[in-house]
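**Q** return atomic coordinates for the entry below.
(chains A and B)
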There are 2 protein chains.
Amino acid sequence: MSRHSLPRQADDFPAWYGAVVSRAGLAESSLVRGAMVIKPYGYAIWEAIQRALDERIKATGHENLYFPLLVPSTVLEREGELVEGFAPEVAVVTHAGGKKLEEPLIVRPTSEAVIWATYARWIQSYRDLPLLYNQWANVVRWELRPRLFLRTTEFLWQEGHTAHETEDEAIAEALRILHDVYADTAEQVLAIPVLRGRKSESERFPGAVETFAIEALMRDGKALQAGTSHYFGQNFARTYDVRFTDRNGKEEYAYATSWGASTRLVGGLIMAHGDDAGLRLPPAVAPYQVVIVPIAGSEGDPARVREASDVLATTLRAAGLRVRLDDREQRPGFKFNEWELKGVPIRLELGERELDGGHATLVRRDTGAKETTRTDGVAGRARELLAEIQRGLLEDARAFRDEHTLEQPESYDVMREFLQAAGGLAVGPWCGASTCEERVKQETRATIRCLPLQRAGSEGTCIVCGSPAVERATWSQAY
Amino acid sequence: MSRHSLPRQADDFPAWYGAVVSRAGLAESSLVRGAMVIKPYGYAIWEAIQRALDERIKATGHENLYFPLLVPSTVLEREGELVEGFAPEVAVVTHAGGKKLEEPLIVRPTSEAVIWATYARWIQSYRDLPLLYNQWANVVRWELRPRLFLRTTEFLWQEGHTAHETEDEAIAEALRILHDVYADTAEQVLAIPVLRGRKSESERFPGAVETFAIEALMRDGKALQAGTSHYFGQNFARTYDVRFTDRNGKEEYAYATSWGASTRLVGGLIMAHGDDAGLRLPPAVAPYQVVIVPIAGSEGDPARVREASDVLATTLRAAGLRVRLDDREQRPGFKFNEWELKGVPIRLELGERELDGGHATLVRRDTGAKETTRTDGVAGRARELLAEIQRGLLEDARAFRDEHTLEQPESYDVMREFLQAAGGLAVGPWCGASTCEERVKQETRATIRCLPLQRAGSEGTCIVCGSPAVERATWSQAY
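**A** The predicted model follows:
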């Protein structure tokens, strides 16, 4: 246990994770197995992530819309690969309005089926293309081993579904989302450095020709898939008969992409930055960027401190910062611990001594560094510090990832040992055979997290079997 | 048919409504009976409404969170009145993860049950109160007579659920939401004037001690309930055993409110402002506030007009306006009709003649008024016009409501005839007996839309039965 009475990360990372989620007030289990209640502090973080993604989704030319939750089972069943992929996970509505339904309805596990069945009505000509649509929604996938935020029976996400005239345009779309929406949000907003790559065949989304993903390394040495973007070729268009008249007057099937990022990102945020004292939130998503803790000595004038705290809060808010003034009747030490646990980037302490000197104390959550600043310049200084913290967390996480990346292992034995211990990411040449992929998984529980976006080829021989390599793969244990 | 080939409102209001929803690209029916696809233009309006509500919900001290979609049927069944109210409308999940569930799960029709079952864990002491929480969610209520936006099997909404120490505080909360969130959004954002009142017993939410509502008059003379706020007393706390230690160390049950507003508001917006040419959107929620239509004459220089249009669009966007530049290859007349149908508040026409004179033509959607303005002052002028349109629509709707309100009918016969013809709102003294309420409903299909917030009493005799009146009721046919 740390002084915050959290389990230590090094002792028991899963216990640490569970304790942080619970004690920082992020989420809890609900009455339905595997579904969570997202509590206000956790939801505020999700809202910030939503805003960042939504801005980027719109800036890249997409519009939001909304498709129904319930999908007729026959519509889902038309798409063989989707059904095969999701059948074990779906929840089925058999009764509604007091009657048994003639046809069961599936609670959407994802919306490709209902959307492409509808696109058939919306797409007649190349003039109707591209369709660049996204929806914010809840989905249900029955989970056998649920884990708050990371794997829940119901989760919240955005799912984009686009239709295009050509293969090139569709692939460019899937990559644009990967780079300009997902990787940009992860790095610039969540301060999480990510690998951008292709999935191997065994890790692709059902029905996808190509799945692209961003992968992040957590502080326990495991990877987290933090967003995926799929190119489907004409598979869905064939299944749901989405044909259009192209520029030459010929009938063609439309090309599809879909892409999603979910509340799982909140889990990634916790595990990428948290330490033994709790969360460390990047300022861009912190519900409160600054918490003000008034320190009223037992002999001084508490009203004076409270008033000065109020004034400071107003000043900082006027400067556009998200501020919490913690004037509860608790001991300062209790409050310090709580706000450290909750990961607020800056704590501002204000006591009579500070007041007399015309200054305040600022404490950074990321480094613990403490400094004194004049109260008349506090907003400017807080803003500088927030920018430093945002940058610092990204650098920290990048340095951690670099230290936990095994480039070009000397031998398969070395790589196996590294992966078995969840030492991080191992990057080595691969022959492309699923047998080697499977062998690594059996022996280490690690999977190929990603392959280079460009099929550039590789020198040398497969780290697993010694046959000629076709590309370099990145392996890791993963969530 | 009007020149926009819409049915005329006066001829067939429901047909007009359906045609506007469809042709303006707001929504369409989905593959599941009664559930709708909200299309991008309709969803953009909903996003604007969401923003307005969410701002006000937060400004009044509430936080967002999220509870699961699926509720164990036994949890819902504990609350007798809720179950009785919603049983005929629920959708039931009986199978999940490839197995029959031991206990069926209900797709939430509303979340009081799951939330209060959880509040039991969150509330121990008066120090834990109040809980001021809200969620944005989808709910499912099986509809026998679905109608896009107005009554759909699945709809999107926010539902607030608060817990309080005292009755007074809970009632004040329910009224604060009615005034500061719902009525304010309706009037200031949607430009829809609303009545604020109490519901009669027969119209209350299941389990509510008091239901407050905002009611708006549509242009066919029918009322629309546009938001409700309920006070539940200690009913839920008793059912779900939510007790707390009060300030005197005594055990008490917590007092509850809940309140919701939904995608139905989009329907209200259509029917409160629309005319025979289509939508008329208040600028505050219009996805585009200004549409620029370049008019390139067949002999002129189309590139010059296009460039000037681009510059104007940039100028207007820089001034904070939402602008659409319609440079599609269609005839101007076609575009004019389409943007009128879609209710864009201002159309800006720019042709070579205008360009030569250094001006542009602005056309108001609400009044059809056309004016010429200098291009160098166009952003300022557009902003003024938008403010006028926002105000004008509210005034129009208020004038319409006043003209369609029958105050103090001379006799029951007069009121009956008025209500049978869906002439609007009839306000008359009522004895408080449900028999009179029922008689009016049987004879006219009108219900009591609301009663005064203050039980102020009433002079005179019941308009229906002639017994002494207890208060003044507002009757109308309604959606």
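**Q** and the residue of the stretch 251-400 of chain A found nearest chain B, what does it touch?
**A** Using Cβ to the nearest Cβ, the single residue of the stretch 251-400 of chain A nearest to chain B is A:T263, 8.6 Å away. C-beta coordinates here come from the backbone N, C-alpha and C atoms, glycine included. Contacts of A:T263 were listed using Cβ atoms under 8 Å, 6 or more residues apart in numbering or on different chains, and they are A:I38, A:W46, A:F149, A:T152, A:F155, A:L156, A:W157.
**Q** dihedrals phi and psi, it?
**A** When quoted as degrees, to the nearest 10, the phi and psi of A:T263 stand at phi -60, psi -10.
**Q** up against chain B, what does the stretch 151-300 of chain A have?
**A** By Cβ under 8 Å from any Cβ of the partner chain, the part of the stretch 151-300 of chain A that sits against chain B consists of A:T153, A:E154, A:L156.
**Q** ok, A:C465 - contacts?
**A** Remark: with contacts taken as Cβ under 8 Å, 6+ apart, A:C465 is in contact with A:C431, A:A433, A:T435, A:C436.
**Q** from the residues you listed, which two are the most distant?
**A** For these, the maximum inter-member distance is 9.0 Å, found between A:C431 and A:T435 (Cβ to Cβ).
**Q** looking at these two, which is more packed in?
**A** A:C431 (20 against 10; other Cβ atoms under 10 Å in any protein chain shown).
**Q** mean confidence for stretch A:214-224?
**A** Across stretch A:214-224, pLDDT averages out at 98.
**Q** can I get the CA coordinates of that stretch in PDB?
**A** Included here for stretch A:214-224 are C-alpha records, laid out as PDB according to Å, rounded to 0.1, in the frame of the first residue of the first chain:
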ATOM      1  CA  ILE A 214      -3.600   2.900 -32.800                       C
ATOM      2  CA  GLU A 215      -1.800   1.000 -30.000                       C
ATOM      3  CA  ALA A 216      -0.600   2.500 -26.700                       C
ATOM      4  CA  LEU A 217       1.700   1.000 -24.000                       C
ATOM      5  CA  MET A 218       0.300   0.900 -20.500                       C
ATOM      6  CA  ARG A 219       2.600   1.200 -17.400                       C
ATOM      7  CA  ASP A 220       2.400  -2.500 -16.700                       C
ATOM      8  CA  GLY A 221       4.000  -3.300 -20.000                       C
ATOM      9  CA  LYS A 222       0.800  -4.400 -21.800                       C
ATOM     10  CA  ALA A 223      -0.600  -2.700 -24.900                       C
ATOM     11  CA  LEU A 224      -4.000  -1.200 -25.300                       C
END
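**Q** which outside residues touch stretch A:182-195?
**A** If you take Cβ under 8 Å, 6+ apart as the criterion, stretch A:182-195 is touched by A:48-49, A:52-53, A:56, A:196, A:214-217, A:226-227, A:229, A:259, A:261, A:265, A:268-269, A:272-273, A:282, A:284-285, A:390-391, A:393-394, A:397-398, A:401, A:425, A:449-450, A:474.
**Q** what do you get for stretch A:227-234?
**A** Contact with stretch A:227-234 is made by A:112, A:167, A:170-171, A:174-175, A:177-178, A:181-182, A:185-186, A:199, A:204-205, A:207-214, A:253-261, A:265, as judged by Cβ under 8 Å, 6+ apart.
**Q** then stretch A:45-62?
**A** With Cβ under 8 Å, 6+ apart as the criterion, stretch A:45-62 contacts A:26, A:38, A:64, A:132-134, A:136, A:156, A:158, A:160, A:162, A:176-177, A:180-181, A:184-185, A:189-190, A:261, A:263, A:265-266, A:269, A:281, A:284-287, B:64, B:66.
**Q** ok, back up a step: so which of the contacts of stretch A:227-234 are in helices?
**A** Secondary structure assignment by DSSP state H places A:E112, A:E167, A:A170, A:I171, A:A174, A:L175, A:L265 of those in helices.
**Q** just the buried ones from the residues you listed?
**A** Listed as buried from the ones in helices among the contacts of stretch A:227-234 are A:E112, A:A170, A:I171, A:A174, A:L175, A:L265; burial here means 16 or more other Cβ atoms under 10 Å in any protein chain shown.
**Q** any residue of the helix or strand bottoming out on mean pLDDT in chain A touching chain B?
**A** Averaged element by element with mean pLDDT, DSSP states H and E, chain A has its least confident helix or strand at helix A:80-86 (a mean of 81). No - Helix A:80-86 does not reach chain B (Cβ under 8 Å from any Cβ); its nearest approach is 10.9 Å.
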